[in-house]
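*Asks:* Predicted model follows, preceded by the sequence.
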Amino acid sequence: MPVVLDARPAPGDLVAASRSSLGLEPADLVISNASIVDVWRGLIIDHADVAIKGRIVSCVGRCRRSRGLYTKEIDAGGKILAPGFIDPHTHIESTFLRPAEFSKAVLSRGTTAVFADPHEIANVAGLRGVDYMARELESSPLKVFLLAPPNVPASLTPPDRGGAVIEYQEILNNLDRFSGVGEVMDTGSLLEGSKAFLEYSSRLSMSWIIQGHAAGLGGEDLDAYASLGITNDHEVTSWEELSERLSKGVIPIVRYGSSWRDLERLYRAIDLFPHIVPMATDDIHCLHIAREGHMDRAVRRAIELGVDPVRAIMSATIAPSILYGLHRWIGSIAPGRYADLLVIEDLERVSIKEVYVDGTLVAREYRYLGQEDHKIVEDSTIMRSVKVAGQPTIDLRLPRGCREAVLRAIRPLHGTTLTREERVRLDCSSRISDHGLTYIAVVNRYGGNHSYTGVGVDIPIEGALASSVAHDSHNIIVVGSSLEDMAAALNAVIEAGGGVAFTHRSRIEALVELSIAGLMSSKDYHEVVSDLERLFRSLRDHGSEDPEALLQEIQLLSLTVIPEIRITDRGLYRVSERKIVDLVIQII
Ligand SMILES: [Fe+2]
């Protein structure tokens, strides 16, 4: 199935399934002697059969009438049969995989449907980038609900510029090309009471279920957000926030991705409300998918934290389908639903033996069995789109003759997405690494001749790391202890047409090529996994204790919608006041 625009099966599919249940047509497949996870009642039905006609489940229980001469029968030998997992909120670009490779990666881990917000590529290439995503997914069995990205750029008055601006009207005109609406994240415009934003958001919620992004909102501010018809939120980080949202009918989505691990704190909600509260990945890179899994990783972690296994599965199946009003077609093993099924050997460890989509086996033992599509959709605006004008200057712009200066610096608050503004004193002629500081530079990658260099505190790096993934504008961000290493890392990223490069003593130690929009690799899933492994190993060898967190932290230093201070290609930006501020506070 290509991108899902209409989740409903054809009427003929349902007629055939119904006739099969009546014994008028044989089922195509019967999986017998299974222990079925009943996500409606929250229990396991032992010694049961599941009959499948075409793409649809036609019978659950004792399927005596379904069997015919040509019905294939598989004895499950008492193994668990669960619905395919559904990820209700994710960004495919964050895996570093192109969409076709992403679908193979997650299908092999038991995820059979995703709600994908193509917000990152939309910031680089507008709706043309989204079209590219859709075309790459055309031949995949994964059910992808591709969502319209409603806030590109993230706010109405961005301090920096990405590769695209999508006007409200453009989204409204194109809504029927999508299968939903992605995250409405411009809470700044909400709090200002922007008439344009309020009217736009309410019109979106008339058409589709919007994905919420109510980071930090509470009380009447949250009410203002929910009043627009936005009734779910995946930015919930504390129990208090979760509880307030539930009481106001805003469904909290609990994240378990690469960095966002709200599940660690909020797992009790899965046990208490498994029909209502879904889990999601939001952002997860492919190394985590390969090593630990996708939604199966979240289910496994919930079980480890003490959640009942059936309830953990409910949160990854029936809860997301109810959230989007699609429980008639996906999210459970029940008559009339698509036959998206998982054969699980060990329930507690969520060890998946086989994955079926629409009644067809697509993965076994974590190996994708579907067709291998190596063809990349060519689009000159997407491929090798990183364009840096001239030779950008990476250096602090300090006044001539300066001997000592007090500067504004950015301190990332580890383990969160927040930063803090700090004052540092500097001897102008010394290297900043002598002061325990780091350079941070942002270089425009859309052909504009802008770059800016600032100072970071407590960003432990020996050498330099450059990345063309830098939220949300995705200019190139470079962080390093020496200007020479930074220039080398920047050049490596430019030459690769996008990517993440780590340099030490001007030598390229590791490079993850991301030449598709500067966000995704043109390589196969397992090659990208190896590239990431090499990058993290190399960083670790050069003293980084938590290289994965370091990379994530660096990629967020330019995200101008999260407090307190950020850096863009135009300068330092203080988020609360929404204004560019000077690097130099005082010259001594
Ligand atoms: Fe998100």
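*Replies:* Received, thanks.
*Asks:* Okay, buried residues for stretch 233-252 please.
*Replies:* Neighbour counts over stretch 233-252 (16 or more other Cβ atoms under 10 Å) mark 233-237, 241-242, 244-246, 250-252 as buried. Backbone N, C-alpha and C define where each C-beta goes, glycine included.
*Asks:* quick one: contacts of that stretch?
*Replies:* Identification of contacts with stretch 233-252 by Cβ atoms under 8 Å, 6 or more residues apart in numbering yields 88-89, 183, 211-216, 218, 222-223, 226, 230-232, 253-255, 262, 265-266, 268-269, 273, 276-278, 280, 282, 323.
*Asks:* what do you get if the cut-off is 6 Å, keeping everything else the same?
*Replies:* Contacts of stretch 233-252 with the rest of the structure, by Cβ atoms under 6 Å, 6 or more residues apart in numbering, involve 89, 212-215, 226, 231-232, 253, 255, 262, 266, 269, 277, 280, 323.
*Asks:* which regions of the protein sit below the pLDDT cut-off?
*Replies:* 1-2, 373-375 (pLDDT under 70).
*Asks:* domains of it?
*Replies:* 85-330, 382-587 (automatic domain parsing).
*Asks:* The first one: how far from the chain's middle?
*Replies:* Here domain 85-330 shows a centroid-to-chain-centroid distance of 8 Å under the convention Cα atoms, centre = their mean, to the nearest Å.
*Asks:* and that domain, how far apart are its ends?
*Replies:* 10 Å (Cα to Cα, to the nearest Å).
*Asks:* Of the domains of the chain, flag the one that's most buried.
*Replies:* Highest mean neighbour count of these: domain 85-330, a mean of 21 (counted as mean count of other Cβ atoms under 10 Å).
*Asks:* rewinding a little: the contacts of stretch 233-252 in strands, which ones?
*Replies:* H89, G212, N232, R255, A280 (DSSP state E).
*Asks:* Out of those residues, flag the one nearest to L107.
*Replies:* Nearest to L107 among the ones in strands among the contacts of stretch 233-252, counting by Cβ to Cβ, is A280 at 17.2 Å.
*Asks:* what's the spacing between the closest one and G436?
*Replies:* Using Cβ to Cβ, to the nearest Å, one obtains 38 Å as the distance from A280 to G436.
*Asks:* Same check on M520?
*Replies:* For M520, the distance to G436 equals 35 Å [Cβ to Cβ].
*Asks:* same check, this time on S351
*Replies:* Taking Cβ to Cβ, one finds S351 at 46 Å from G436.
*Asks:* got it, and G306?
*Replies:* For G306, the distance to G436 - Cβ to Cβ - is 42 Å.
*Asks:* Point me to the helix or strand that includes I567.
*Replies:* strand 565-568 (DSSP states H and E).
*Asks:* scratch that, R301
*Replies:* Judged by DSSP H and E, R301 forms part of helix 295-304.
*Asks:* what packs against the very next helix or strand once past that helix?
*Replies:* Reading on from helix 295-304 to the C-terminus, the next helix or strand found by DSSP H and E is helix 309-315. Under the contact criterion of 3 or more Cβ pairs under 6 Å, 6 or more residues apart in numbering; DSSP states H and E, helix 309-315 touches helix 295-304.
*Asks:* Return the list of helices and strands in contact with the helix it packs on.
*Replies:* Checked by 3+ Cβ pairs under 6 Å, 6+ apart, helix 295-304 has helix 309-315 packed alongside it.
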